[in-house]
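Participant: Here is a sequence together with a model predicted from it:
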Amino acid sequence: MAENGNPFENLAENVKEYVEVRVRLIMLNMQEKLTDILASIALFLIVGLLATLIFVFGSLGVALLLGKWLGSYFAGFFILAAFYAIVLMLVWYNAGKWIKMPIINFLLRKINNSDNN
């Protein structure tokens, strides 16, 4: 920056530097938010995969146990399938409250939370 130049040139140069620094700061904040959101999504995917494995093997065990008690493995699997169909209907009916809104709220908290840090 030239100290002996025209004050308006100095002002213009200062404004230009300020805008460049401000844009850089905004980009860094966006990178931080995006990284935080992507890390959370990766964590949800890993936990979701492990929960799915537990759910599948647990369901197989329950279906086989029911089948053994009822004397028919088919009956055990069909009873469990009917139970899951009822659960699916409940989840489908309440998807907005149980799934959509918590995800929206989570993402908004992630985006807005990094502003406070």
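Facilitator: Yep, it's here.
Participant: can you give me the strands in the protein?
Facilitator: Using DSSP state E, the chain contains no strands.
Participant: Any idea which helix or strand in it has the lowest mean pLDDT?
Facilitator: The helix or strand of the chain with the poorest confidence is helix 101-116; it has a mean of 81 (mean pLDDT, DSSP states H and E).
Participant: Give me the contact list for that one.
Facilitator: For helix 101-116, contacts defined as CB atoms under 8 Å, 6 or more residues apart in numbering pick out Asn29, Glu32, Lys33, Asp36, Ile37, Ser40. Backbone N, C-alpha and C define where each C-beta goes, glycine included.
Participant: Count the neighbours of the closest residue to the fourth one other than its chain neighbours for me.
Facilitator: In other words, Asp36. Excluding its sequence neighbours, the residue lying closest to Asp36 (CB to CB, 6 or more residues apart in numbering) is Lys110, at 5.7 Å. The number of residues packed near Lys110 is 16, by other CB atoms under 10 Å.
Participant: and the gap between Lys110 and Leu34?
Facilitator: Distance, Lys110 to Leu34, using CB to CB, to the nearest Å: 10 Å.
Participant: Let me see the contact set for Ile54.
Facilitator: Contacts of Ile54 by CB under 8 Å, 6+ apart: none found.
Participant: Roughly how far does it sit from Trp98?
Facilitator: Ile54 is 20 Å from Trp98, by CB to CB.
Participant: swap in Leu28?
Facilitator: Applying CB to CB, the value for Leu28 to Trp98 is 35 Å.
Participant: Also Gly48?
Facilitator: Relative to Trp98, and taking CB to CB, Gly48 is found at 15 Å.
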